[in-house]
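**Student:** got a structure for you, letters missing:
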């Protein structure tokens, strides 16, 4: 029996045992830095959607929270209607809490956040409805929200991964917090997070992560096919450069990046970037709430041997 036939037999055996599709089972035999079998080169594509949506900054406003969540659910339906298996939302999709609204010294002075003011019951109810709809539509959803921790510990700024079964499959907590976030508002996350959809592996980046190439190089070492990056792009000057930064990360690491940002006529606009740094799909430049849909594939990514060469070369660089 040839090595190729032996690999196919092993993949089919795993698929039969776990109930996974052939493509999903094949993923477990892809070569990694620790060494694994060479996979079948036949790959399918995966259709994903990225959204730009309205971002509100007052978590004490129950009506505003419900309006944001209703918009998210409509965009989920739009993505599902377009055949997407996954839809990715911006930082602050349900709410991006203002440092002034939350300040216990506010509203004119930044200070420690008083999270008791947030409408937690509404936030959690809307999260539950989003998860339930994901199950109904059979679509994966990556959605940002605040993750509450027992007082007095500050919450996390998080990305939730909701499976096509309507359950939370993973959660990523922002690691590279700004000075204001780390001082007054949030606890810092500690680890990278990956998850898989139909045999494609994704990493997650949130907020200030977008300004740190180390985050994206780290995901390359985890053998991802792409990184879903959620970023609240309005406010401080200079944030418009995020699209340029993440395009560079995509090209430097030869993987896909989905950039989800708020709906904003002045840009930047949400879109999906290919492994060579070019836009594969973008939301409308009018900045209105919308989704952009594209199919991702592995044809343009680095071969396993090229990835291994990059990793070995980086290990020899002295900084």
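**Tutor:** Structure received. Since this is a predicted model, take the numbers as computed values, not measurements.

**Student:** low pLDDT regions in the stretch 101-250 of the chain?
**Tutor:** Confidence mapping of the stretch 101-250 of the chain against pLDDT under 70 gives the ranges 235-239.

**Student:** all strands of it, in order?
**Tutor:** With strands called from DSSP state E, counting those that start in this stretch, the stretch 101-250 of the chain shows them at 140-147, 156-162, 168-173, 194-197, 200-206, 226-230.

**Student:** between those strands, which gets nearest to residue 131?
**Tutor:** Residue 131 lies closest to strand 156-162 among the strands of the stretch 101-250 of the chain, at 4.9 Å (Cβ to Cβ). In short, each C-beta sits where N, CA and C put it, glycine included.

**Student:** name the helices or strands packed onto the closest one?
**Tutor:** Packing contacts for strand 156-162, counted by 3 or more Cβ pairs under 8 Å, 6 or more residues apart in numbering; DSSP states H and E, involve helix 120-137, strand 140-147, strand 168-173, strand 200-206.

**Student:** name the residues of that strand that are buried.
**Tutor:** Going by neighbour count (16 or more other Cβ atoms under 10 Å), the buried part of strand 156-162 is 156-162.

**Student:** now do stretch 181-189
**Tutor:** Residues of stretch 181-189 classed as buried: 181, 184-187, 189 (neighbour count, 16+ other Cβ under 10 Å).

**Student:** what of stretch 259-269?
**Tutor:** Within stretch 259-269, the residues scored as buried using 16+ other Cβ under 10 Å are 259-264, 268-269.

**Student:** then stretch 53-67?
**Tutor:** Along stretch 53-67, these residues count as buried under the neighbour rule (16+ other Cβ under 10 Å): 53-61, 64-66.

**Student:** secondary structure class for residue 68?
**Tutor:** Under the three-state scheme (DSSP: H, G, I helix; E, B strand; the rest coil), the conformation of residue 68 reads as helix.

**Student:** how close does it sit to residue 211?
**Tutor:** The span separating residue 68 from residue 211 equals 25 Å under the rule Cβ to Cβ, to the nearest Å.

**Student:** show me which of the two is the more surrounded one.
**Tutor:** Residue environment comparison for residue 68 versus residue 211 gives the larger neighbour count to residue 68, 22 against 16, counting by other Cβ atoms under 10 Å.

**Student:** are we agreed that residue 281 is in a strand?
**Tutor:** Yes - if the criterion is three-state DSSP, then residue 281 is within a strand.

**Student:** so who does it touch?
**Tutor:** When contacts are counted by Cβ atoms under 8 Å, 6 or more residues apart in numbering, residue 281 is found next to 50, 271-272, 292-294.

**Student:** switch to 6 Å and redo it
**Tutor:** Contacts of residue 281 were listed using Cβ atoms under 6 Å, 6 or more residues apart in numbering, and they are 271-272, 292, 294.

**Student:** looking at those, which one is closest to residue 136?
**Tutor:** residue 292 (22.6 Å).

**Student:** surely the closest one touches residue 48?
**Tutor:** No - with contacts counted by Cβ atoms under 6 Å, residue 292 stays clear of residue 48, the gap being 9.4 Å.

**Student:** center of the protein - which residue?
**Tutor:** Using Cα atoms, centre = their mean, the residue of the chain that lies closest to the mean C-alpha position is residue 228, 3.1 Å off.

**Student:** distance of it from residue 309?
**Tutor:** As defined by Cβ to Cβ, residue 228 lies at a distance of 26 Å from residue 309.

**Student:** same question, residue 159
**Tutor:** With distances taken as Cβ to Cβ, residue 159 is found 31 Å from residue 309.

**Student:** pLDDT score for residue 302?
**Tutor:** Confidence per residue is given as pLDDT, and for residue 302 that number is 66.

**Student:** check residue 298 too.
**Tutor:** Residue 298 carries a pLDDT score of 80 in this model.

**Student:** helix/strand/coil for it?
**Tutor:** Applying three-state DSSP: residue 298 is coil.

**Student:** need phi/psi at it.
**Tutor:** Residue 298 adopts backbone torsions of phi -100, psi 0, taken as degrees, to the nearest 10.

**Student:** on that earlier part again, could you give the bridge partners of the residue nearest to the centre of the chain?
**Tutor:** Residues in a beta bridge with residue 228, per DSSP bridges, are residue 204, residue 258.

**Student:** touching, it and residue 140? I think so.
**Tutor:** No - using Cβ under 6 Å, residue 228 is not in contact with residue 140, being 10.3 Å away.
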